[in-house]
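Chemist: Kindly generate the corresponding structure for this input.
(chains A, B, C and D)
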Protein chains: 2
Amino acid sequence: MDYNQKQLQILDTAERLFAMHGFHGASVRDIAQEADVNIAMISYYFGSKERLIEAIFLKRVMDVKNGLDELVKNKELAPLEKINQLIELFVAKISDRPYFCRIMVRAQATQEGVPTELIHEVKKQMYDLVKKLITEGQKKGAFLGDIDTMMMVNTLVGTSNHVIISQNFLKKVWNQEAIPEDKFRQQLKERVSNHLKKLFKVVLTDER
Amino acid sequence: MDYNQKQLQILDTAERLFAMHGFHGASVRDIAQEADVNIAMISYYFGSKERLIEAIFLKRVMDVKNGLDELVKNKELAPLEKINQLIELFVAKISDRPYFCRIMVRAQATQEGVPTELIHEVKKQMYDLVKKLITEGQKKGAFLGDIDTMMMVNTLVGTSNHVIISQNFLKKVWNQEAIPEDKFRQQLKERVSNHLKKLFKVVLTDER
DNA sequence: AATTCAATTAAACATTTGTTTAACTTAAAC
DNA sequence: GTTTAAGTTAAACAAATGTTTAATTGAATT
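Modeler: Numbering: from 1, shown residues only, chains lettered A, B, ... in the order given. As a prediction, this is how the structure comes out:
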């Protein structure tokens, strides 16, 4: 789907406002005003508010899906290296799109007029990929046998999401309110990435 | 705060509807109708919609806070046992209150007219407690030295929350749609609890 | 029995909501 | 230069929103 400048303004603004105020909390008037377009343009281009958020989901979820697909291609890596790449990719994706991360979390928490099938599809893909990577590692003798794969995915996704959505709190509690926003985000991204890599390593293998 | 029957009806219904549709997605009319009370009773008892959700937060958050306070009292337990108790308590609390868990997750993801200070307060308490428990364990030589405490809390809270809010998805992907809701929830609760206990043990200590 | 005050109600209130309309502009195609 | 169609606009639409009002009920207290 290729969007023109005005459509992109609407999509970006809507993503931000949906993330910060929720689907029903962000009005089309707010979106139109902040995106600097006439209200009617939203219906004109996207049909309705529902279809607008659907467009946002389609745009972003496809991005994640494609990222996962690409990851599968790399064959010659060691099992743990593949896991590490997955962690890095996933953390990077949601760190770079914190607004969409918030929308996703909200969408999972409820049934807020959101394309549930799309979410389930990409989550399923995620689960299947991790399962495959861990099983492969086990067959090669690199990973231990007794592993709750599904819960490991929950830890990966849950930890990453939680760090993103509670950024403001972490900044406060960690006494990092002085440093600039971008720098803090970058630090957080690396820190959660390293944390998860260590976590998976110590759980999946015998080493530290 | 002691509420009468009608107030409790309102609080319970509002909690459920706020969780499922978001703060702005659940109208006071919906709440009044499902709680089987007149609309005006909500303003009469709680003042406004804002103050209604604040009352919900106050009710539930205090519950968690008190639970954490009690936990600190137990002194004679081994370091890992204390961690295990914390995990069990936390998982139990949010498993038994899935609606409020959803509201909390939404509230953290955004700024949806919610008492942010209250949330930050109880989260801070949680962080401080884990920090204390881990530091104690390290001093006693039971825990390893190189541990990212803050990220461990994120993993505990993030994983637990994520499991609760994506229950429906897990049920589907795990092919457990046949078994009754209560049984499934109980299974999930024990599974995530065990998963986190193993995780913390293998990260904090040298054993498995 | 009269008084008092909390509980309860239906109706009304002013805003805000998402969406549509109909007129107008722009610019490319013929 | 005319035609065509997409882009753009302010205004209007009905419906839904949170809150208040004013009247009524109920049951204790005096």
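Chemist: all contacts plus neighbour counts: C-alpha atoms, from now on.
Modeler: OK.
Chemist: so A:L156 makes contact with A:K197?
Modeler: No. Counting by Cα atoms under 8 Å, A:L156 does not reach A:K197; the two are 9.6 Å apart.
Chemist: now the helices: where do they sit in chain A?
Modeler: A:5-21, A:28-35, A:39-46, A:49-73, A:79-96, A:98-109, A:116-139, A:149-165, A:167-173, A:181-204 (DSSP state H).
Chemist: Wait, A:E88 touches A:V192, no?
Modeler: No. Between A:E88 and A:V192 there is no contact, the gap being 9.4 Å when judged by Cα under 8 Å.
Chemist: Of the two, give the one with the bigger neighbour count.
Modeler: Per other Cα atoms under 10 Å in any protein chain shown, whichever of A:E88 and A:V192 has more neighbours is A:V192, with 25 against 18.
Chemist: Next up, the contacts around A:Q167.
Modeler: Neighbour list for A:Q167: empty [criterion: Cα atoms under 8 Å, 6 or more residues apart in numbering or on different chains].
Chemist: how far away is it from B:T110?
Modeler: Per Cα to Cα, to the nearest Å, A:Q167 is found 11 Å from B:T110.
Chemist: Chain A against DNA strand D: which residues are in contact?
Modeler: By the rule Cα under 7 Å from any atom of the strand, the part of chain A lying against DNA strand D is A:K6, A:V37, A:N38, A:I39, A:A40, A:M41, A:Y44.
Chemist: do you know how far the closest residue to the fourth one other than its chain neighbours is from B:T110?
Modeler: Residue nearest to A:I39 in three dimensions, not counting chain neighbours: A:A32, with 5.2 Å by Cα to Cα, 6 or more residues apart in numbering or on different chains. Per Cα to Cα, A:A32 is found 20 Å from B:T110.
Chemist: export the residues of chain A next to DNA strand D to a markdown table and tack on distance to DNA strand C and pLDDT?
Modeler: Shown next, in a markdown table, are the residues of chain A next to DNA strand D (distance: Cα to the nearest atom of the strand, whole Å; pLDDT from 0 to 100):
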| residue | distance to DNA strand C | pLDDT |
| --- | --- | --- |
| A:K6 | 15 | 93 |
| A:V37 | 12 | 97 |
| A:N38 | 8 | 97 |
| A:I39 | 6 | 97 |
| A:A40 | 4 | 97 |
| A:M41 | 7 | 97 |
| A:Y44 | 7 | 96 |
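Chemist: I'd like the residues you listed written out as a markdown table, with neighbour count added.
Modeler: Shown next, in a markdown table, are these (neighbours: other Cα atoms under 10 Å in any protein chain shown):
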| residue | neighbour count |
| --- | --- |
| A:K6 | 14 |
| A:V37 | 16 |
| A:N38 | 13 |
| A:I39 | 15 |
| A:A40 | 13 |
| A:M41 | 14 |
| A:Y44 | 9 |
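Chemist: dump the residue contacts of A:Q7.
Modeler: Contacts of A:Q7 (Cα under 8 Å, 6+ apart): A:Y45.
Chemist: run the last query once more with 10 Å
Modeler: Contact analysis of A:Q7 by Cα atoms under 10 Å, 6 or more residues apart in numbering or on different chains lists A:T13, A:A35, A:V37, A:M41, A:I42, A:Y45, A:F46.
Chemist: Could you tell me what pLDDT the model assigned to the last one?
Modeler: If I follow you right, that is A:F46. As predicted, A:F46 sits at a pLDDT of 96.
Chemist: can I assume it is in contact with A:A14?
Modeler: No. If you go by Cα atoms under 10 Å, A:F46 and A:A14 don't touch, sitting 11.8 Å apart.
Chemist: Common neighbours of these two, please.
Modeler: A:L52, A:I53.
Chemist: the more surrounded of these two?
Modeler: Shown here are A:F46 and A:A14; by other Cα under 10 Å, A:A14 has more neighbours (26 against 17).
Chemist: check contacts around the residue nearest to the more buried one when sequence neighbours are not counted.
Modeler: Distances taken as Cα to Cα, 6+ apart put A:I31 closest to A:A14, at 5.6 Å, once the chain neighbours are dropped. With contacts defined as Cα under 10 Å, 6+ apart, A:I31 is in contact with A:9-18, A:37-39, A:42.
Chemist: The same query, at a cut-off of 8 Å, please.
Modeler: A:I31 makes contacts with A:I10, A:T13, A:A14, A:L17, as judged by Cα under 8 Å, 6+ apart.
Chemist: Get me the contact residues on chain A for DNA strand C.
Modeler: Taking Cα under 7 Å from any atom of the strand as the measure of proximity, chain A contacts DNA strand C at A:24-29, A:39-40, A:43-44, A:47-50.
Chemist: Only whichever of the residues you listed are buried, select them in PyMOL.
Modeler: What follows is the PyMOL syntax for the buried subset of the residues of chain A next to DNA strand C, where burial is set by 16 or more other Cα atoms under 10 Å in any protein chain shown:
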select buried, chain A and resi 24+25+26+27+28+49
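Chemist: Pull the most distant pair out of the residues of chain A next to DNA strand C.
Modeler: A:G25 and A:Y44 (21.5 Å; Cα to Cα).
Chemist: Residue numbers of chain A in contact with chain B?
Modeler: Within chain A, the positions adjacent to chain B are A:19-25, A:102, A:105-106, A:108-112, A:120, A:124, A:148, A:151, A:154-163, A:165-166, A:169, A:173, A:192, A:195, A:199, A:202-203 by Cα under 8 Å from any Cα of the partner chain.
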